[in-house]
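> Sequence unavailable; structure follows:
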């Protein structure tokens, strides 16, 4: 894939925004606050994955639901998973919504998948080592979901687990390299990247996520998903300037 030529002013501004917005303060109103409550690797992985899965809609709504989930798990995700209490709290046949389009039955499936993993492997990172491909391909194969869609939630979770030396992301998975991450693509990131000339397409697709990631790699060579904070910052600054 040919790397896009980035306007020097845009490049300088994105670097500045990334540094301004990648701070501990970012955590306070973001769903990543929930796995940040934990120290044990398994707790972080479980809370992180389930939080990411619930992350669509407004941040306020997401955080409210993730708080509810954290309480259901008695603030001990790994112990809760091992206790089997989730089978009662999230019945396999309950099709009603737990949060938006995610049903209790789907939550049951996610807990079942996690329990199956931790019954065999020490942690989720070790399970993904058994798969092949880049981090996104590995987690998609483990979860049996499409590798051909942008998978915003899973790429966000991978960013949390893999990015190193960040005051926001955890970097607790040493097996994988941040350079192999793909930008978590949602409609806002898509629009911002388009406006800044990081892509010529507004398509919500894996191909466009890769194009945006490649453009960000020209600015952050070893850590393209640092650009996620820059695009977040662009949205904030744009809103300030249009009020």
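Cool, got the structure. Quantities reported herein were computed from a predicted structural model and do not represent experimental measurements.
> Please enumerate the helices of the protein.
For the chain, the helices defined by DSSP state H occupy 8-21, 24-27, 41-53, 59-72, 77-83, 86-89, 104-120, 124-129, 135-143, 152-162, 187-195, 206-217, 227-241.
> In the chain, which residue is most central in space?
In the chain, the centroid-proximal residue (CA atoms, centre = their mean) is residue 156; its distance is 1.4 Å.
> residue contacts, the closest residue to that one other than its chain neighbours?
Nearest residue to residue 156 in three dimensions, chain neighbours excluded: residue 184, at 3.9 Å (CB to CB, 6 or more residues apart in numbering). The C-beta positions use only the backbone N, C-alpha and C, and glycine is treated the same way. Contacts for residue 184 were tallied using CB atoms under 8 Å, 6 or more residues apart in numbering; they are 152-153, 155-156, 159, 225, 228.
> just to revisit the earlier point, comparing the helices of the chain, which gets the lowest mean pLDDT score?
When these are ranked by mean pLDDT, helix 227-241 comes last with a mean of 83.
> What count of nearby residues applies to residue 187?
10 (other CB atoms under 10 Å).
> Report the separation between it and residue 223.
Going from residue 187 to residue 223 by CB to CB, to the nearest Å gives 24 Å.
> still on that earlier bit, I'd assumed residue 53 was in contact with the residue nearest to the centre of the chain.
No: contact between residue 156 and residue 53 fails when scored by CB atoms under 8 Å: they sit 9.9 Å apart.
> Of all the helices of the chain, which one comes closest to residue 179?
helix 206-217 (7.4 Å; CB to CB).
> What lies in contact with the closest one?
So helix 206-217 is contacted by 1, 3-4, 6, 14, 147-151, 155, 179, 181-183, 185, 189-190, 193, 198-199, 201-202, 224-227, 230 (CB under 8 Å, 6+ apart).
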